[in-house]
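*Asks:* model this:
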Amino acid sequence: MILGVLVCALIIGSANTDLPRTKPFLSLNEAGIEDLAEGLKFREFTSVDLINASHLSTSRINDVNDVLNVVVEINPDAILIASMLDEERSMGTIRG
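*Replies:* Model (predicted):
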């Protein structure tokens with residue numbers, strides 16, 4: 001679920017609009033998809049930050065409840081892929 005939200009945020013966040021940010025950014029754990037999209041747009045964090053926050057959140061949940069199995073498998077290339085997307089974004093290539 002968390003990974004799905006992050007992927008959606010990456011897609012929505014890639015929309016190229018010139019609207020100003022209208023509200024202060026929340027922590028990544030409290031942010032909704034629109035907050036994540038705006039945060040990416042305004043470079044308040046990177047795709048790598050989102051992956052790291054997701055991994056940290058998943059680890060915390062698994063520490064508390066190992067029966068829940070919130071994430072069964074994590075893509076070992078997730079950080080590399082996120083880094084490549086961040087590089088594209090910094091060069092003006094917006095996906096979505």
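
*Asks:* State the mean pLDDT of stretch 89-96.
*Replies:* Mean pLDDT, stretch 89-96: 83.

*Asks:* do stretch 66-74 as well
*Replies:* Mean pLDDT, stretch 66-74: 74.

*Asks:* Check the separation of the first and last residues in that stretch.
*Replies:* By Cα to Cα, to the nearest Å, the extent of stretch 66-74 from end to end equals 16 Å.

*Asks:* Run the chain-centre distance for it.
*Replies:* 19 Å (Cα atoms, centre = their mean, to the nearest Å).

*Asks:* quick one: which helix or strand includes the residue located most distally from the centre of the chain?
*Replies:* For the chain, the C-alpha farthest from the mean C-alpha position belongs to Val67; by Cα atoms, centre = their mean, that distance is 25.0 Å. According to DSSP states H and E, Val67 maps onto no helix or strand at all.
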